[in-house]
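Asks: Coordinates only, no sequence provided:
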Ligand SMILES: Nc1nc2c(ncn2[C@@H]2O[C@H](COP(=O)(O)OP(=O)(O)OP(=O)(O)O)[C@@H](O)[C@H]2O)c(=O)[nH]1
Ligand SMILES: [Mg+2]
Ligand SMILES: [Zn+2]
């Protein structure tokens with residue numbers, strides 16, 4: 001059956017049989033549209049600014065103002081009314097009534113999958129599915145694959161945009177044999193990949209005010225897990241937010257509307273704000289740690305407002321960023337007090353999430369926070385029902401001023417000297433995937449049979465499996481091995 005869809009534009013959730021469709025030509029007189037541009041489907045998340053389009057109803061072409069799209073442009077993209085009206089001037093969208101005698105669709109597909117991706121309405125074949133809330137187009141594969149929205153949040157300058165940029169690159173070369181494919185429009189792709197190119201290839205760390213605000217970024221993530229040979233796919237929508245928008249419920253409502261629809265939160269924390277960390281920032285100014293703590297409480301208040309809940313239900317990874325600075329200051333090194341974690345170890349999760357490793361990171365980070373007098377941060381964890389501490393470095397080293405010979409002059413910029421060496425960037429993401437039943441964990445037990453011989457039993461499991469069911473599976477394995485071993489060796493090969 002079809003999977004719930006999340007719209008990457010307005011971030012609302014709906015079932016795949018509740019979509020609208022955009023007409024391809026006028027219905028009233030069934031006139032074929034003359035120009036191709038009339039049949040095009042604009043209304044993507046970031047529209048082209050078509051200044052010269054008419055604004056009133058156009059009876060020849062059948063276009064009219066799409067109210068839902070118009071509201072999306074005003075409310076979500078903060079467009080002015082005139083531009084919004086221009087952009088929302090399109091052929092109408094229809095809400096599908098599957099009982100209507102004027103509608104034809106593949107009934108077998110409907111019975112099998114619970115939704116269809118095209119319909120024939122009054123002689124027109126409609127293939128452009130629209131979000132029923134904002135009338136933006138639905139991305140390919142929506143309804144077919146599980147969809148997840150992951151929001152990165154945290155105060156200004158904690159490393160959110162850089163983290164997301166590096167994460168997208170890292171998922172391509174991970175232990176889950178991942179590939180990721182951008183699913184947004186060409187225009188959105190340029191925006192998103194512009195950031196990746198600057199950082200990964202040119203090694204330039206863009207100043208916050210030079211970066212463009214990124215819309216939600218949908219990717220198809222195809223991966224393999226250790227419990228199966230077949231590749232699996234899901235659609236992950238990554239959402240970035242400017243740190244200052246996280247500080248109040250008001251700005252969060254306007255610019256962080258995706259947070260409530262999230263399947264997981266990556267809450268990033270900058271350790272250079274801790275008073276015990278003696279680190280000289282570029283301009284010598286320290287942003288108060290108090291703000292990071294306030295952002296946590298603001299997010300929690302925003303998420304539980306108008307509910308009966310006391311805690312945020314969305315799984316939240318609490319991620320300490322810029323781990324390279326901590327390592328350079330001798331935390332997490334062999335001689336330090338907090339040395340139980342090898343922070344730049346790689347390939348720790350071979351096709352499944354190693355929960356021992358995750359627990360160790362959690363304990364080590366908590367221990368570190370207590371050691372340096374930041375217990376308050378640990379206490380804030382109570383605001384989340386499911387959370388885990390993590391530690392990572394997106395860059396692996398601190399950016400510095402770089403001078404390079406440019407085309408016709410010396411180029412100076414803040415950037416990375418040599419290769420970017422990220423570590424533990426994918427770990428919080430995998431944990432969120434595990435919490436959403438996308439990747440498995442593994443459990444292993446040793447036991448002795450009646451002859452005193454030691455055996456190992458193991459099983460992969462997903463977060464939504466009950467403990468009883470998992471133990472039942474393990475017990476079955478144990479019984480089988482015990483029974484097999486109790487038999488004379490002649491019979492063993494008949495038992496699988
Ligand atoms: N040493 C070190 N510095 C980092 C790392 N990641 C980010 N930074 C620094 O932190 C600064 C801010 O990073 P951004 O990703 O832009 O921060 P942000 O949270 O998106 O900031 P806003 O969008 O303003 O809220 C960068 O300019 C880098 O100097 C890291 O892994 N190591
Ligand atoms: Mg940012
Ligand atoms: Zn929508």
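Replies: It's in. Predicted model only: the values in this text are computed from it and were never measured. Residues are numbered from 1 along each chain as shown. Ligands and ions are numbered 1, 2, ... in the order given.
Asks: Pull the number of nearby residues for residue 313.
Replies: 12 (other C-beta atoms under 10 Å). No exception for glycine: its C-beta is placed from N, CA and C like everyone else's.
Asks: Tell me, how many residues neighbour residue 77?
Replies: Count around residue 77 with other C-beta under 10 Å applied: 16.
Asks: before we move on, what SS does it have?
Replies: coil (DSSP: H, G, I helix; E, B strand; the rest coil).
Asks: For burial, what's the neighbour tally of residue 291?
Replies: 20.
Asks: Next one: it relative to residue 246, how far apart?
Replies: Separation of residue 291 from residue 246 (C-beta to C-beta, to the nearest Å): 9 Å.
Asks: Check residue 458 too.
Replies: 42 Å.
Asks: Quick check on these two: which one has the bigger neighbour count.
Replies: The residue with more neighbours, out of residue 458 and residue 246, is residue 246; 27 against 11, by other C-beta under 10 Å.
Asks: any idea how far that one lies from residue 409?
Replies: 39 Å.
Asks: Tell me if residue 318 really is in a strand.
Replies: Yes: Residue 318: assigned to a strand according to three-state DSSP.
Asks: Tell me how far it lies from ligand 2.
Replies: Distance, residue 318 to ligand 2, by C-beta to the ion, to the nearest Å: 18 Å.
Asks: bridging residues for that residue?
Replies: residue 267, residue 389 (DSSP bridges).
Asks: Residue 388 is in contact with that one, correct?
Replies: Yes: under the criterion of C-beta atoms under 8 Å, residue 318 lies in contact with residue 388, with a separation of 7.0 Å.
Asks: which of those two has more neighbours?
Replies: Neighbour comparison, residue 318 and residue 388: the larger count goes to residue 318, with 26 against 22 (by other C-beta under 10 Å).
Asks: residues in contact with the more buried one?
Replies: 267, 269, 365, 377, 381, 384, 387-390 (C-beta atoms under 8 Å, 6 or more residues apart in numbering).
Asks: let's go with 6 Å and repeat that
Replies: 267, 387, 389 (C-beta atoms under 6 Å, 6 or more residues apart in numbering).
Asks: Neighbour-wise, give me the winner out of these.
Replies: Most surrounded of those: other C-beta under 10 Å gives residue 267, at 25 neighbours.
Asks: give the contact list for that residue.
Replies: 153-154, 316, 318.
Asks: in this structure, which helix or strand is least confident?
Replies: Ranked by mean pLDDT, DSSP states H and E, the weakest helix or strand in the chain is helix 36-39, scoring a mean of 44.
Asks: count of neighbours near residue 66?
Replies: For residue 66, using other C-beta under 10 Å, the count is 24.
Asks: Okay, now the unreliable bits of this protein?
Replies: 28-60, 207-213, 279-287, 334-341, 343-347, 487-496 (pLDDT under 70).
Asks: Enumerate the residues of it near ligand 1.
Replies: Residues of the chain that fall close to ligand 1, judged by C-beta under 6 Å from any ligand atom: 154, 156-162, 205, 208, 242-243, 321-322, 324-325, 393-395, 398-399.
Asks: switch to 5 Å and redo it
Replies: 156-162, 205, 208, 242-243, 322, 324-325, 393-395, 398-399 (C-beta under 5 Å from any ligand atom).
Asks: Go ahead and flag the most central residue of the chain.
Replies: Closest residue to the average C-alpha location of the chain: residue 150 at 2.9 Å, with C-alpha atoms, centre = their mean.
Asks: Secondary structure of that residue: a strand, I assume?
Replies: Yes: Residue 150: assigned to a strand according to three-state DSSP.
Asks: contacting residues for it?
Replies: 238, 264.
Asks: one more time with 10 Å
Replies: By C-beta atoms under 10 Å, 6 or more residues apart in numbering, the contact set of residue 150 is 164, 167, 216-217, 236-239, 258, 262-266, 314, 317, 428-429, 432-433, 436.
Asks: Return the subset of those residues lying in strands.
Replies: Residues of those located in strands (DSSP state E): 217, 236-239, 264-266, 317.
Asks: Output those as a markdown table; include the columns neighbour count.
Replies: A markdown table is the format used below for the ones in strands among the contacts of residue 150 (neighbours: other C-beta atoms under 10 Å):
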| residue | neighbour count |
| --- | --- |
| 217 | 23 |
| 236 | 26 |
| 237 | 26 |
| 238 | 23 |
| 239 | 24 |
| 264 | 23 |
| 265 | 27 |
| 266 | 27 |
| 317 | 26 |
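Asks: ok, and which of those reach ligand 3?
Replies: Among the ones in strands among the contacts of residue 150, no residue lies close to ligand 3 (C-beta under 5 Å from the ion).
Asks: mind pulling up the phi and psi values for the residue nearest to residue 7 when sequence neighbours are not counted?
Replies: Spatial nearest neighbour of residue 7, chain neighbours left out: residue 131 (4.0 Å); criterion: C-beta to C-beta, 6 or more residues apart in numbering. Backbone geometry at residue 131, expressed as degrees, to the nearest 10, gives phi -70, psi 130.
Asks: Tell me, how many residues neighbour residue 131?
Replies: Other residues close to residue 131 by other C-beta under 10 Å number 27.
Asks: go on, residue 185?
Replies: 17.
Asks: Could you measure from it over to residue 133?
Replies: From residue 185 to residue 133 the distance is 19 Å (C-beta to C-beta).
Asks: again with residue 311
Replies: Distance, residue 311 to residue 133, by C-beta to C-beta: 28 Å.
Asks: Residue 428 too?
Replies: For residue 428, the distance to residue 133 (C-beta to C-beta) stands at 30 Å.
Asks: Then residue 381?
Replies: Distance, residue 381 to residue 133, using C-beta to C-beta: 33 Å.
Asks: Identify the residues contacting residue 350.
Replies: Here residue 350 is in contact with 175-176, 225-226, 442 (C-beta under 10 Å, 6+ apart).
Asks: correction: residue 274
Replies: With contact set as C-beta under 10 Å, 6+ apart, residue 274 has these partners: 286, 289, 292, 320, 326, 368-369, 372-374, 377.
Asks: burial count for the spatially closest residue to residue 136 that is not a sequence neighbour?
Replies: Sequence neighbours aside, residue 9 is the residue nearest to residue 136 in space, at 4.1 Å (criterion: C-beta to C-beta, 6+ apart). By other C-beta under 10 Å, 28 other residues sit near residue 9.
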